[in-house]
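Peer 1: turn this into a structure:
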Amino acid sequence: MKTSIDVQDHIILRTFTGVIHLDDIINSWKEIFSRFEDLSVFKGVITDMLEAEMRLDDNNMNMLIDFLKGYMDRMEGTKIAIVTNTPQVTDTIMMDQRMKHVQIKSFSTLRLAFDWISG
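Peer 2: Numbering: from 1, shown residues only. Below is the predicted model:
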């Protein structure tokens, strides 16, 4: 597993490759929160999982949501795009419903994600 975090056009771009687990996702969020104090200065966050294999179950998803809720004051109004070639649509819908102060959508290409975040 490899993770990279960059900024392109005022958008935080997080890229995963290889097999990823809950700890990998949480650690990458911790890195984002430590590197960027104020997420509101960015247009949003894109998570590129096109080259990743996500291994999460419903319980892991609940733990991820609980973790992120602890940072809701820093995430309010943030757009989060998840790019994957095997959409986890159910997970994305569940996250979007439980995290009312952020917008979360899944996309099949980076271009669509960048267009949505920028729009």
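Peer 1: CA atoms for contacts and neighbours, from now on please.
Peer 2: Noted.
Peer 1: which stretches of the protein form strands?
Peer 2: 2-8, 11-20, 44-54, 79-83, 103-107 (DSSP state E).
Peer 1: in JSON lines: these, plus mean pLDDT.
Peer 2: Listed next are these as JSON lines, based on pLDDT from 0 to 100:
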{"stretch": "strand 2-8", "mean pLDDT": "96"}
{"stretch": "strand 11-20", "mean pLDDT": "96"}
{"stretch": "strand 44-54", "mean pLDDT": "92"}
{"stretch": "strand 79-83", "mean pLDDT": "92"}
{"stretch": "strand 103-107", "mean pLDDT": "86"}
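Peer 1: highest mean neighbour count out of those strands?
Peer 2: strand 79-83 (a mean of 23; mean count of other CA atoms under 10 Å).
Peer 1: direction included, what does that strand pair against?
Peer 2: strand 44-54 (parallel), strand 103-107 (parallel) (DSSP bridges).
Peer 1: what lies in contact with that strand?
Peer 2: 43-50, 102-110, 113, 117 (CA atoms under 8 Å, 6 or more residues apart in numbering).
Peer 1: same question for stretch 24-44.
Peer 2: 3, 5, 10-12, 14, 64, 67, 74-81, 117-118.
Peer 1: go again with 7 Å.
Peer 2: 10-12, 64, 74-75, 78-80, 117-118 (CA atoms under 7 Å, 6 or more residues apart in numbering).
Peer 1: what bridges to the residue most central in space within the chain?
Peer 2: Residue closest to the mean C-alpha point of the chain, counted by CA atoms, centre = their mean, is residue 47 at 4.6 Å. Judged by DSSP bridges, the bridge partners of residue 47 are residue 14, residue 82.
Peer 1: got a list of what it touches?
Peer 2: Contacts of residue 47 (CA under 7 Å, 6+ apart): 13-15, 81-83.
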